[in-house]
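Enquirer: Predicted coordinates and the sequence they were generated for:
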Amino acid sequence: MGCQACQGDILEFLNLGKIPTCDFLTKEELKTEVFYPMSLHYCSGCGLVQLGEVVDKETLFTPKTGYHHIVSLSSSFKKHLEELAAKTTEKFNLNSDSLVVEIGSNDGTLLEAYRNLGVNAIGVDPTDVTKIAINKGLTTLTEWFNESTAKKIEKDYGKAKVVLATNTFAHVSEIHSITKGIEKLLTNDGIFITENHYLLNMIQELQYDFIYHEHYREYSVRSLNNLLNQKGMEIFNIERIPTHAGSIRSFAGKRGVYEISDSVRNLLKEEEDYGLNNFETYKEFSRKVTEHIREFPKMLQDLRKEGKTIMGLTGSARAVTLLNACKIGPETLDAITEIGQSKIGKFSPGTHIPVVDQNVLFGNNAPDYGLLLSWHLADELIPRFREKGFKGKFIIPLPKPHIIE
């Protein structure tokens, strides 16, 4: 296949083999589990980094078992969205006459934050999680966002001053229809705000666990701007933010409406200086990933040989790639601990590690080590585990594996 954005030639630089989707499975579901190819490619034309083969959107986001991700379960990310709503409301003078549209609105956490600020906001999301938002009285369309949806929203609600996509713009498959829909839905001075995991962070910090089937693309400023340019938009301001171990928040408008800030030029230069426009950079990244996949399991196996017990902490989506790529299964991890009832009693995709209630960490059968699978939240999670009574040591798998006493 050609580039998802420009249809140019793409070059493979990392192949992780076949890996399942992020849905945790019952024992019965293990019998029919499906694995899909996972390889990462670079477009020599527009610079977009993308999956070589994509899983259809219905399989990923509307499975029979229900969508696995609920935004409000992360207290830190809930706070992040509340701050985003407050900042944009003030910055762009939003009020009850302003229409804000969120693509991928999930359980309505951001919509609710806008409502509390007196801003008119509606959401669009195809997953079953929207029932949480709807039950809160938040206006939500349970469907895919595309050009057709945008026309319907404009007809029923008018044009939007702001369209947001927080950690969803890399997840959408019909990228050209969606981008065109955003441009048509915006007022002449409207703003498209999107937050995405940042390619530069992924390459610099070896964050290969962030490569999974739901993430069709990894954006740089260059590739994101190239995509938006095709539909008459351009990034005029950009911020680096800490979410998901390093993301970018970009502000785009219709071409020529807003003055381009130095933040855009500075990051484009930083990307070029680091080598993001050079295929050799990605080949070196692949070499380091291969080395990590070879060496990290040995670290865990050595602890097991010493008679130590290890459990995974939090069954995150990004853990699916790490565990499968490193072939870490129940022979290494006794269990994965969780607080979410939807996962407890099930098994990790591909590696089939049992998921148990997190309370096991705080009793007599607590493990010696906890492998922090959501390692990017270490500063938030470690104090929380300590406060609850976990006395073991923490293993941080990436970027460089190490142990915290």
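Expert: Nice, I can see it. Numbering: from 1, shown residues only.

Enquirer: what's the domain layout of this structure?
Expert: Domain segmentation of the chain under automatic domain parsing yields 71-277, 298-404.

Enquirer: Make CSV out of those and add distance to S44, mean neighbour count and mean pLDDT.
Expert: In this view, the C-beta of every residue, glycine as well, is placed from N, C-alpha and C. Formatted as CSV, these follow (distance: least, CB to CB, whole Å; neighbours: other CB atoms under 10 Å; pLDDT from 0 to 100):
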stretch, distance to S44, mean neighbour count, mean pLDDT
domain 71-277, 9, 19, 96
domain 298-404, 25, 18, 95
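
Enquirer: Can you redo those domains as JSON lines, where the extra columns are distance to Y42?
Expert: Formatted as JSON lines, these follow (distance: least, CB to CB, whole Å):
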{"stretch": "domain 71-277", "distance to Y42": "9"}
{"stretch": "domain 298-404", "distance to Y42": "18"}
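
Enquirer: so which of those gets nearest E12?
Expert: Among those, domain 71-277 comes nearest to E12, with 12.8 Å by CB to CB.

Enquirer: Ends of the closest one, what's the gap?
Expert: For domain 71-277, the separation between the terminal residues is 33 Å (CA to CA, to the nearest Å).

Enquirer: For the remainder of this discussion, apply numbering that starts at 851.
Expert: New numbering, starting at 851: the last item is domain 921-1127.

Enquirer: Need the residue closest to the centroid of the chain.
Expert: Centroid check for the chain by CA atoms, centre = their mean gives N1017 as the closest residue, at 5.3 Å.

Enquirer: H1094 is in contact with that one, correct?
Expert: Yes: if you go by CB atoms under 8 Å, N1017 and H1094 touch, sitting 6.9 Å apart.

Enquirer: Residues that sit against both of these two, list them.
Expert: H1047 (CB atoms under 8 Å, 6 or more residues apart in numbering).

Enquirer: can you pull the contacts of H1021?
Expert: With CB under 8 Å, 6+ apart, H1021 has these contacts: 910-911, 954, 1064-1066.

Enquirer: out of everything not next to it in sequence, what's closest to N1127?
Expert: G897 (6.0 Å; CB to CB, 6 or more residues apart in numbering).

Enquirer: follow-up on the earlier one: between the contacts of H1021, which sits nearest K1250?
Expert: Using CB to CB, those come closest to K1250 at H1065, 22.7 Å.

Enquirer: how close does the closest one sit to G958?
Expert: Distance of H1065 to G958, given as CB to CB, to the nearest Å: 23 Å.
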